[in-house]
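Colleague: I need the structure of the sequence given here:
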Amino acid sequence: QVQLVESGGRLVQAGGSLRLSCAASGFTFRSYDMGWFRQAPGKERELVAAINRDGSTNYADSVKGRFIISRDNAKNMVYLQMNSLKSEDTAVYYCARRVIRAAPFNSWGQGTQVTVSS
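Modeller: Numbering: from 1, shown residues only. Okay, here's the model as predicted:
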């Protein structure tokens, strides 16, 4: 079955860096777009970054220039390198997959908590 398992979240000081990882299994990873989402308490889940099957990327304005999404199709992994972290980056981060750009992301993982202390 489809599984997405996020890891790498922890408590970090403002200005610091973290790399999140998402291990994918149960589907043909290279054929899917992948995304990182986050949800802060009391807020809706939002798309942070996406990387398409062709390697093209897009980012939320709030993280442009600070976060980098990447994928390793040989390892079925997607990563989110987060730099210059701010307190407003505090959230549970999820990865998800999308079969085509016109379709919604689905098959969410369990999430990993990122807490940025100011």
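
Colleague: secondary structure element for the closest residue to T112 other than its chain neighbours?
Modeller: Spatial nearest neighbour of T112, chain neighbours left out: G9 (3.4 Å); criterion: CB to CB, 6 or more residues apart in numbering. For the C-beta atoms, the positions are set from N, CA and C on the backbone; glycine is no exception. Element membership of G9 [criterion: DSSP states H and E] is none; it lies in no helix or strand.

Colleague: ok, now which ones touch the residue positioned nearest the centre of the chain?
Modeller: In the chain, the residue lying closest to the centroid (CA atoms, centre = their mean) is W36, at 2.3 Å. Shown in contact with W36 (CB atoms under 8 Å, 6 or more residues apart in numbering): 20, 22, 47-50, 69, 78, 80, 93-95.

Colleague: what would these look like in CSV with neighbour count?
Modeller: Output for those, formatted as CSV (neighbours: other CB atoms under 10 Å):
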residue, neighbour count
L20, 24
C22, 25
L47, 14
V48, 23
A49, 24
A50, 21
I69, 22
V78, 29
L80, 26
Y93, 23
Y94, 22
C95, 29
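
Colleague: could you dump the residues you listed to JSON lines with distance to Q13 and secondary structure?
Modeller: Converted to JSON lines, those look like this (distance: CB to CB, whole Å; DSSP: H, G, I helix; E, B strand; the rest coil):
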{"residue": "L20", "distance to Q13": "17", "secondary structure": "strand"}
{"residue": "C22", "distance to Q13": "24", "secondary structure": "strand"}
{"residue": "L47", "distance to Q13": "26", "secondary structure": "strand"}
{"residue": "V48", "distance to Q13": "20", "secondary structure": "strand"}
{"residue": "A49", "distance to Q13": "22", "secondary structure": "strand"}
{"residue": "A50", "distance to Q13": "27", "secondary structure": "strand"}
{"residue": "I69", "distance to Q13": "23", "secondary structure": "strand"}
{"residue": "V78", "distance to Q13": "25", "secondary structure": "strand"}
{"residue": "L80", "distance to Q13": "18", "secondary structure": "strand"}
{"residue": "Y93", "distance to Q13": "17", "secondary structure": "strand"}
{"residue": "Y94", "distance to Q13": "23", "secondary structure": "strand"}
{"residue": "C95", "distance to Q13": "24", "secondary structure": "strand"}
